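Engineer: Let's see this in three dimensions:
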Amino acid sequence: MTEIITFRSGMPPLGPAVVAIGVFDGVHLGHQMLVKDAIELAHTSDARAVVLTFDRDPDRVVMPDKAAPQLLELEDKVRLLAELGPDIVLVVPFDTAVAAMTPEAFIDHVLLASVTPIAVAVGHDFRFGTRASGDIGTLQDSGRVHGFAVRSHDLLEADGAPVTSTRIRAMLAQGDVSGATRLLGRRHFVSGRVTRGRGAGHELGVPTANVMTHSWTALPADGVYAGRARLGDTWHDCAVSVGLPPTFPGASDLLEAHLIDYDGPDLYGETLTVEFVGRVRDQRRFSAREELTAAIAADITTVRELLKSGG
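Structural biologist: Modelled structure (predicted):
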């Protein structure tokens, strides 16, 4: 069972460890390869396998206006990392104090303060410390002093290009949720609380759950998608609308999910997780109620077919 630990200054040391370090937004196939390599090395080195990550994207602290949309919330990131099987996921709260640390201070006051590293595994382009001034060479210099090896991982490639969180975000921005699935090794999903919307879906006989996500959540491009929605422990087929529907200029809901054949109680206040299976169409404006109703019926039929075929 993986132990989840939040780093704090003065915490009891975790002992000898092989440490995989990264933001790991998305926990995509490249991240998985790096973490699994650290776990394998730990098992042959009589050490614990530790994944050291941060509670948020450092850019959200350092340059909040330019921070990229996030593929995962912290809870989901930690869960997916834990499912890979390390002994410990160590979550470092990233604040202005950590952001101001020099690379050497981060090594001394976070890495060496929490574990006795035998080896540190990072991506080849890993940067750390104030102004991203530390790199692989910085780690290697410290490793020679403190007795740990540094394992630099080249980027995994898929479909002729490196697997990166940036590439996955670009795919989502183009509505290519199937491409994102290939690189993530799972379907992209988002979560949020269901709030009251404008009620247009109810009036049309296709009620939708209006899901409030965080402002930093990586949503796919505006459009209609086939998806699956998890309510508690149960999954439901759903048609998902992302973006402001042009037919309703006063709309403010960015993510709406119609749970197909759902006949349970109202979902207001519930937390809904929506995963994206395939893209159905772009958003478009309908001039008449009948035209909109026919389009929704066609969308649901397409969604059923996509989900039946596995996306």
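Engineer: Show the average pLDDT along stretch 95-107.
Structural biologist: Stretch 95-107 comes out with an average pLDDT of 97.
Engineer: Check which residues of it are buried.
Structural biologist: Buried residues in stretch 95-107, counting neighbours by 16 or more other CB atoms under 10 Å, are found at 98, 101-103, 106-107. Where C-beta positions appear, they are placed from N, C-alpha and C, glycine not excepted.
Engineer: Quick check: end-to-end length of it?
Structural biologist: 16 Å (CA to CA, to the nearest Å).
Engineer: max-length helix in the protein?
Structural biologist: helix 289-308 (DSSP state H).
Engineer: That helix - contacts with which helices or strands?
Structural biologist: Judged by 3 or more CB pairs under 8 Å, 6 or more residues apart in numbering; DSSP states H and E, the packing partners of helix 289-308 are strand 223-231, strand 234-242, strand 271-281.
Engineer: switch the cut-off to 10 Å
Structural biologist: helix 200-203, strand 223-231, strand 234-242, strand 255-259, strand 271-281 (3 or more CB pairs under 10 Å, 6 or more residues apart in numbering; DSSP states H and E).
Engineer: Export the ones you listed to TSV and append columns for distance to residue 119, mean pLDDT and mean neighbour count.
Structural biologist: TSV is the format used below for the helices and strands packed on helix 289-308 (distance: least, CB to CB, whole Å; pLDDT from 0 to 100; neighbours: other CB atoms under 10 Å):
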stretch	distance to residue 119	mean pLDDT	mean neighbour count
helix 200-203	53	54	14
strand 223-231	37	96	23
strand 234-242	39	95	22
strand 255-259	42	94	25
strand 271-281	35	97	20
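Engineer: And the ones you listed: which comes nearest residue 73?
Structural biologist: Residue 73 lies closest to strand 271-281 among the helices and strands packed on helix 289-308, at 10.1 Å (CB to CB).
Engineer: now the helix or strand hosting residue 183: mean pLDDT?
Structural biologist: Secondary structure from DSSP states H and E places residue 183 in helix 177-184. Here helix 177-184 scores 98 as its mean pLDDT.
Engineer: okay, the angle between that helix and strand 234-242?
Structural biologist: Going by axes from the mean of the first three to the mean of the last three CA atoms, to 10 degrees, helix 177-184 is angled at 120 degrees with respect to strand 234-242.
Engineer: Need the CA coordinates for helix 177-184. CSV is fine.
Structural biologist: In CSV, the C-alpha atoms belonging to helix 177-184 read as follows (Å, rounded to 0.1, in the frame of the first residue of the first chain):
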residue,chain,number,x,y,z
VAL,A,177,-9.5,13.7,-27.0
SER,A,178,-8.7,10.4,-28.6
GLY,A,179,-5.1,11.5,-29.2
ALA,A,180,-4.9,12.6,-25.6
THR,A,181,-6.1,9.2,-24.5
ARG,A,182,-3.2,7.5,-26.4
LEU,A,183,-0.6,9.7,-24.7
LEU,A,184,-2.1,9.6,-21.2
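Engineer: can you map out the strands along this protein?
Structural biologist: Using DSSP state E, the strands of the chain run over 3-6, 16-21, 48-54, 88-92, 116-123, 149-153, 157-158, 161-162, 189-195, 209-212, 223-231, 234-242, 255-259, 271-281.
Engineer: With distance to residue 74 added, can I get the ones you listed in a markdown table?
Structural biologist: Listed next are the strands of the chain as a markdown table, based on distance: least, CB to CB, whole Å:
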| stretch | distance to residue 74 |
| --- | --- |
| strand 3-6 | 10 |
| strand 16-21 | 16 |
| strand 48-54 | 9 |
| strand 88-92 | 7 |
| strand 116-123 | 20 |
| strand 149-153 | 23 |
| strand 157-158 | 26 |
| strand 161-162 | 25 |
| strand 189-195 | 12 |
| strand 209-212 | 17 |
| strand 223-231 | 18 |
| strand 234-242 | 23 |
| strand 255-259 | 20 |
| strand 271-281 | 15 |
